[in-house]
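Engineer: any chance you could fold what I've pasted below:
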Amino acid sequence: MIFEDSTLNNNGDSIVDVQMRADERRINIDQVGVKKIRYPIDVKDRDNGSQRTVASVNMFVDLPHNHKGTHMSRFIEILSKHRDSISTATIPSILTDMRSRLQAKTAHLELTFPFFIAKAAPVTGAVALMEYGCVLTGSQTGDLLPDLSISVIVPVTTLCPCSKEISSHGAHNQRGLVTVTVRYEHFFWMEDLISLVENSASSGVYSLLKRTDEKFVTETAYENPRFVEDVVREVAVRLRADRNFTWFSVAAENFESIHNHSAYAFLEYTRDGNGADGS
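Structural biologist: Below is the predicted model of the structure:
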């Protein structure tokens with residue numbers, strides 16, 4: 001006899017499907033699946049069309065109280081099926097496959113990867129690759145439209161306004177990380193979002209600087225002092241001006257050069273359904 005929680009192997013013998021057995025504790029699980037799958041993907045690149053990178057992939061679905069477990073192998077099968085077309089445009093179809101194959105109500109997909117830009121030094125124009133962190137996230141519940149977001153993690157330089165004001169000589173500065181997550185209506189280039197963040201700080205960060213470049217960056221930062229509060233507010237002002245972004249969050253962390261702690265600021269913003277500003 002073959003039970004409902006069984007399948008057949010190549011010899012026609014029954015193999016028990018333990019995951020489909022009932023669980024008597026009657027507790028739903030919000031997310032179950034696989035994490036940190038290293039996988040090659042192609043992402044859009046404004047200068048070169050696309051670039052090959054490696055993502056760390058998380059894939060989750062919900063699990064109802066009456067099932068003991070989910071089928072982990074199916075996540076990998078779905079990822080393999082879409083391996084030549086993973087992008088913001090195909091995330092909705094991947095989420096649909098996850099819900100269908102795993103008989104789930106909700107599905108969640110997250111891809112974290114490095115993104116490289118050939119960045120020129122500000123004076124000499126010397127070019128070197130600069131790495132930025134990026135995250136593509138998609139979630140879907142039932143027949144609702146997928147919730148899609150893109151995050152960029154951008155290193156910046158900030159110079160302390162207080163230090164500049166009170167010091168007779170110079171001012172302390174530090175490297176920081178700004179993390180911006182956006183929901184959007186239309187395609188945009190990640191390079192533009194990264195530039196928006198860099199232009200909101202005291203200065204951007206570079207992989208390669210010659211002496212004239214270093215002088216320029218140092219003096220530029222000195223003329224544009226920023227607290228972490230200034231950075232998140234400046235990024236917010238620029239994002240609010242672009243009607244494509246329906247929601248965003250901005251977090252800035254400065255790795256302080258004269259304190260044994262980081263400075264941090266965070267905000268989020270929602271544009272209401274009529275296109276008006278909200279908070």
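Engineer: every contact and neighbour count from this point should use C-alpha atoms.
Structural biologist: Will do.
Engineer: next, count neighbours for Arg52.
Structural biologist: Neighbourhood size, Arg52 [other C-alpha atoms under 10 Å]: 14.
Engineer: with the one 10 residues further on instead?
Structural biologist: By other C-alpha under 10 Å, the residues close to Asp62 number 21.
Engineer: same question, His65
Structural biologist: Counted with other C-alpha under 10 Å, residues neighbouring His65 total 15.
Engineer: so is the residue nearest to Tyr132 when sequence neighbours are not counted in a helix, a strand, or just coil?
Structural biologist: With C-alpha to C-alpha, 6 or more residues apart in numbering as the criterion, Tyr132 has its nearest non-adjacent residue at 5.2 Å, and that residue is Phe115. Using DSSP: H, G, I helix; E, B strand; the rest coil, the three-state assignment for Phe115 comes out as strand.
Engineer: so what's Phe115 up against?
Structural biologist: Counting by C-alpha atoms under 8 Å, 6 or more residues apart in numbering, Phe115 touches Thr53, Glu131, Tyr132, Gly133, Cys134.
Engineer: show me where the stretch 1-150 of the chain dips below the pLDDT cut-off.
Structural biologist: 1-23 (pLDDT under 70).
Engineer: follow-up on the earlier one: quick check: PyMOL command selecting the buried ones in the contacts of Phe115.
Structural biologist: Buried members of the contacts of Phe115, defined by 16 or more other C-alpha atoms under 10 Å, are picked up in PyMOL with:
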select buried, resi 131+132+134
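Engineer: quick check: Ser73 vs Met98, distance?
Structural biologist: 12 Å (C-alpha to C-alpha, to the nearest Å).
Engineer: who has more neighbours out of these two?
Structural biologist: Met98 (26 against 10).
Engineer: contacts only, for Phe60.
Structural biologist: For Phe60, the contact set (C-alpha under 8 Å, 6+ apart) comprises Gln31, Val32, Gly33, Val34, Ala107, His108, Leu109.
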